[in-house]
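Undergrad: Here's my sequence, what's the structure:
(2 chains)
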Amino acid sequence: MKGMKRAPALVAAGAITGFTGILIAHAGAGVPLAAGSHPLAAGPNGSAGPATSATPTAGSGSGSGKSNPARRHKSSGPAPGGGAHSVVGSTVNFGYGTIAVRVTVAGGRIASVSVARLSTLEPTSQQISSQAIPVLRSEVLAAQSVSINAVSGATYTSEGYARSVQAALDALHA
Amino acid sequence: MSTMPARSGSRRRPADRRPPPQCEPAAQPRPALVQAALAIVGVGLGAITALAITTETRAEFTAAGGAATFAGSLTGLVGTYLALVMVLLVSRMPFVERVLGHDGLLRWHRRLAPWPISLLVAHAVFITVGYAQAARWGLWHQVGVLLAHYPDVLIATLGLGLMCLAGAISIRAIRRRVRREVWWSVHLCMYLALALSFAHVLAIGPAFVGHPLTQAVWWAIWLATAGLVLGYRIGLPVVRSLRHRLQVVEVRPEGPGVVSVICSGQHLEKLAVSGGQFFCWRFLVKGMWWQSHPYSLSALPQPPHLRLTVKNSGDHSAAVARLRPGTKIVIEGPYGTFTRHFQQHRRVVLIAAGIGVTALRALLEDLPRGSQPVVILRASQPEDLVLGSEVRSLVKHAHGWYHELIGSREEVSINGRTLRQLVPDLDRRDVFVCGPEGFVTGVADLARWLGIADEAIHHEAFAL
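TA: Now for the predicted structure:
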């Protein structure tokens, strides 16, 4: 313990460096910094025509989600024009669980959105998800796309939800 | 008076002893390295705090239970980080041993210990409160839900329980009433406790779920810590022991309740040890093989022999007196900064009480020429002054001064006046003091009060 008088100062200086370092890296990574909400997808499409890009929602930085290809659901068949089509988007792993969203399109518009499957790692995520899902649903219906804001405090669920919806839309327009 | 078989204290002059060890194990690391290490510890602390903050959104914080949940994740991360620092402190890393000294790092370990444990308990409490507030149900119901439905939380809770138990047994008042063997076994559970907590952090920690980078860094930090601990606490001792093949040659009485154990081994000339250092000794006989105890060498190695001198002050040291020749020994070490490598002045004063004379005796033999040592030995009774004649003859050959202070603490006390009287040039000497903890801190404080610089005061306290 000789010559350790400056130890507290050194540790403090290191701590400040480490702290700011992580803050800067975090800001640089483009992840929202303690922000309440952020846009999930910058889709150019305002109306029923979702983007035809092959990647559902640009990588959000979290990147652990593995999605299965969207599957056609139920009977409706790929009839163009008037009839209602319903597709379940791919099951997306959002970290605290998995979600799959069913999207029904009728007359070129998103007519309804509902959760086909939701399983969470633990009860807290279940609560957060079930509180966020109605909000996300009305946002998607209002925006007619996944250009929506993440629900505050439910970022993971929001991202998973949006990615599954996007996958469903992609499948419907394939 | 008995001395080592291969060498008596007076046969050779210290000046023409064997060449110095090939590497200088106890040389002090460069200050820049020490400062860098301290800064790195700080960087980790800052980074982990920032990690907790950046994962949190304002909405999460203001939601029901959000503040408590945030406090929970912050205390959890910082507490775990400090727990890892604690583990590294006692990992026997040569770097840490050299910078802090073994007794110094144990002091830091003890001083820091309440922090990680109370932070991790706070983590559990905050998270439970926060989740219960968010779900709007009772605290006890939340405890049940957490244990039953959250991945890996049950085993982490077991780990926390173990950690509290192992922490509690180290509280001074309890520690004193418990045998060292029991304390050591329970304290070892800290490793298990930490391992049990590892999984739940990655499974549900907001900073880790969906963040492969932080996960990878977390894995790397834990694996590196585990590797250092395994390497320095198990790997290195095993390698050293296999190489040196130490065994007991003779156990001989030195005084009331004090024995010297003479050991023999191979390649001891390669064992880079300085006078004043100690090893942790594990004697491979029934009832003793599973625990290792720190004892100082009471003389420099005399290949093929080593000598340690032990005072009967507990079950283990009592059992040492009954060791049979041929008993195999596993050693860990050498440890300790009570060596000439830390000497600031040319001249020294060496002070020891009771069995502290062992480290002093070895250090005395290792002092550079011109140290002109003033040696002060303190004992309650004349017969407790073990190794006295060896020390006396070494002092004579080093052209030093030898003083014995015999009597109870009331009769002869070491105070500023006695010290100045016995050591008129005290200001120009390094002070080495060795003995029971109370004695050592008393003399070190006295030396500091007399104006000796911290760097020139060296101590090794013997835990009994």
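Undergrad: anything in the longest strand along chain A near chain B?
TA: Longest strand in chain A by number of residues (criterion: DSSP state E): strand A:109-120. No - judged by C-beta under 8 Å from any C-beta of the partner chain, strand A:109-120 stays clear of chain B, getting no closer than 9.7 Å. For glycine as for every other residue, the C-beta is placed from the backbone atoms N, C-alpha and C.
Undergrad: Excluding chain neighbours, give the residue nearest to B:T54 in space.
TA: Counting by C-beta to C-beta, 6 or more residues apart in numbering or on different chains, B:T54 lies nearest to A:H26, which is 4.3 Å off, once chain neighbours are set aside.
Undergrad: doesn't B:A444 make contact with B:D454?
TA: No - taking C-beta atoms under 8 Å as the definition, B:D454 is not a contact partner of B:A444, at 9.1 Å.
Undergrad: And these two? Which one has more around it.
TA: A side-by-side neighbour count of B:D454 and B:A444, using other C-beta atoms under 10 Å in any protein chain shown, places B:A444 first with 19 against 15.
Undergrad: Next, the contact list for the more buried one, please.
TA: B:431, B:433, B:457, B:459 (C-beta atoms under 8 Å, 6 or more residues apart in numbering or on different chains).
Undergrad: Now, those residues that are in strands?
TA: Judged by DSSP E, the contacts of B:A444 include B:431, B:433, B:457, B:459 as members of strands.
Undergrad: can the residues you listed go into a markdown table with extra columns for neighbour count and pLDDT?
TA: Output for the ones in strands among the contacts of B:A444, formatted as a markdown table (neighbours: other C-beta atoms under 10 Å in any protein chain shown; pLDDT from 0 to 100):
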| residue | neighbour count | pLDDT |
| --- | --- | --- |
| B:V431 | 25 | 95 |
| B:V433 | 28 | 95 |
| B:I457 | 20 | 93 |
| B:H459 | 23 | 89 |
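Undergrad: So B:S408: helix, strand or coil?
TA: Going by DSSP: H, G, I helix; E, B strand; the rest coil, the secondary structure assigned to B:S408 is coil.
Undergrad: Now it. Nearest residue, chain neighbours left out?
TA: B:S380 (5.7 Å).
Undergrad: Look up how far B:F95 lies from the residue of chain A found nearest chain B.
TA: Per C-beta to the nearest C-beta, A:G14 is where chain A lies closest to chain B, at 2.3 Å. As judged by C-beta to C-beta, to the nearest Å, A:G14 and B:F95 stand 17 Å apart.
Undergrad: Return the per-residue confidence for B:L51.
TA: pLDDT, B:L51: 93.
Undergrad: what about it, which helix or strand?
TA: According to DSSP states H and E, B:L51 maps onto helix B:31-55.
Undergrad: And B:A461, by the same measure?
TA: For B:A461, the element it lies in under DSSP H and E is strand B:457-462.
Undergrad: I figured the residue of chain A closest to chain B was touching B:L45, is that so?
TA: Yes - in this structure, A:G14 is within contact of B:L45 by C-beta under 8 Å, at 7.3 Å.
Undergrad: coming back round to it: which helices and strands sit right next to the helix holding B:L51?
TA: In this structure, helix B:31-55 packs against helix A:7-28, helix B:66-89, helix B:94-100, with contacts taken as 3 or more C-beta pairs under 8 Å, 6 or more residues apart in numbering or on different chains; DSSP states H and E.
Undergrad: what angle do the longest one and helix B:31-55 make?
TA: So that's helix B:66-89. Angle of helix B:66-89 versus helix B:31-55, following axes from the mean of the first three to the mean of the last three C-alpha atoms, to 10 degrees, is 160 degrees.
Undergrad: and helix B:66-89, average pLDDT?
TA: For helix B:66-89, the per-residue pLDDT averages 95.
Undergrad: For chain A, what's the nearest residue on chain B?
TA: For chain B, C-beta to the nearest C-beta, closest residue to chain A: B:G42, 2.3 Å.
Undergrad: For that residue, list the residues it contacts.
TA: B:G42 is in contact with A:10-18, counting by C-beta under 8 Å, 6+ apart.
Undergrad: again with A:G97
TA: A:G97 neighbours (C-beta under 8 Å, 6+ apart): A:118-121, A:125-126, A:129, A:157, A:160.
Undergrad: Can you go through those residues and name the buried ones?
TA: Buried members of the contacts of A:G97, counted by 16 or more other C-beta atoms under 10 Å in any protein chain shown: A:118, A:120-121, A:125-126, A:129, A:157, A:160.
Undergrad: hmm, back to that, what are the buried residues along the following helix or strand past the longest strand of chain A?
TA: Per DSSP H and E, the first helix or strand lying C-terminal to strand A:109-120 is helix A:123-143. By neighbour count on 16+ other C-beta under 10 Å, the buried set for helix A:123-143 is A:123-129, A:132-133, A:135-137, A:139-140, A:143.
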